[in-house]
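Q: need a 3D model of the following:
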Amino acid sequence: MLKLKNITIVLFLHIFSLGFSQSTTPLRTKSDSILHQFKNPVKDKILAVSHRGAWNYAPENSLMAIQRCIDLGIDIVEIDVRLSKDGHLVLMHDDTIDRTTTGKGKVSNFTLSELQTFRLKNACGVRGSRQQIPTLKEAMLLAKDKIMINLDKVEGETVKEAYEILKVTGTVNQAIFKGRATVQTMYKKFGSIMDSIIYMPIVIDNVDDPSKYVNDYNEKLKPFAYEVTFESVDSKKFKLIKELNSLNVTVLTIPLWDALTAGYTDELALLEGPDASWGWLIENGSNAIMTDRPDELLDYLRSKGLHD
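A: Residues are numbered from 1 along each chain as shown. Below you'll find the predicted structure:
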């Protein structure tokens, strides 16, 4: 009887130690920690998201702009992806290269080698940058283990191509796909890939019934996050934020211009102080903020104890 009792105690201690070690296993990389917060939002920590990289510091959608975000301690960097003539995914916001490079024409009319003969311009449109148009593969390898990537312009036809690059680079858990289409449309287009990627639906103007849009996604996909825009505080989309908070999912707001956050913008933060804009968004349910002012946003969040 004593022997059996001892065995029982040993087994209990072993099981307890296994559970304890699993629950306290440290997250391996910086991007692991960011993903954990993205999946498990809390009120006292806010994710800082930079729009098109730190484009005030380096050309938008450049490797240098991404590296600047990494150096600053930004959690997620948003980039835009387009398909070249020969099937390579490159970083470019517009469908032409006119505005941001020394070349002219549609991205889709150039091969990768042709695109990389041009140089990126800085935010003022001035030539002289040594930065080339990067590929998505280069961007993901630079970001690997350090930062998460918010992929824009991939909703339509390039989800499969982007997913293949993420698999090759070992960064599937670092990329956030996003889009405006219904969950039914996305599954019809991309099938089981939707179950293998991190996908963030966007609640924007095209969503006539925000609650139904969210309910449909929650039933089929259960997203970790939603990007929410609202032109006024009376809109259904703004009122949806409280519902999303109750579901314990991340709410990303993007105060880049008035119509996206009812006037509570980066500009307002600079004119009247961060509490008037970024603070207001946080008080009203934002767990993540995408900004064109990453330095200032981080300084504000850190001053409030909302970011490490």
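
Q: got the contact list for the closest residue to residue 202 other than its chain neighbours?
A: Leaving out its chain neighbours, the residue that sits closest to residue 202 by CB to CB, 6 or more residues apart in numbering is residue 227, at 4.5 Å. All C-beta atoms are positioned from the backbone trio N, CA, C, and that covers glycine. The contact partners of residue 227, by CB atoms under 8 Å, 6 or more residues apart in numbering, come to 178, 200-204, 252-254.

Q: just residue 157 next, same as before
A: Contacts of residue 157 (CB under 8 Å, 6+ apart): residue 83.

Q: can you say which helix or strand has it in it?
A: Using DSSP states H and E, residue 157 falls within no helix or strand.

Q: do you know how far it is from residue 55?
A: From residue 157 across to residue 55, the span is 26 Å (CB to CB, to the nearest Å).

Q: going by distance to residue 287, which of the contacts of residue 227 wins?
A: Nearest to residue 287 among those: residue 252, at 7.4 Å, using CB to CB.

Q: nearest to residue 218, of the contacts of residue 227?
A: Among the contacts of residue 227, residue 201 lies closest to residue 218 (CB to CB), at 9.7 Å.

Q: and the closest one, bridged to which residues?
A: Using DSSP bridges, the beta-bridge partners of residue 201 come out as residue 179.

Q: isn't it right up against residue 176?
A: No. Contact criterion CB atoms under 8 Å: residue 201 and residue 176 do not qualify, at 11.1 Å.

Q: in the stretch 1-150 of the chain, which spans are helices?
A: Using DSSP state H, counting those that start in this stretch, the helices of the stretch 1-150 of the chain run over 2-23, 30-39, 63-72, 112-115, 136-143.

Q: which one of those has the lowest average pLDDT?
A: Across those, helix 2-23 has the smallest mean pLDDT, namely a mean of 43.

Q: just the terminal-to-terminal distance for stretch 70-85.
A: End-to-end distance of stretch 70-85 (CA to CA, to the nearest Å): 30 Å.

Q: then stretch 68-80?
A: Start-to-end, stretch 68-80 (CA to CA) is 17 Å.

Q: centre of the chain to it, how far?
A: Here stretch 68-80 is found 9 Å from its chain centre; the criterion is CA atoms, centre = their mean, to the nearest Å.

Q: noted, bye for now.
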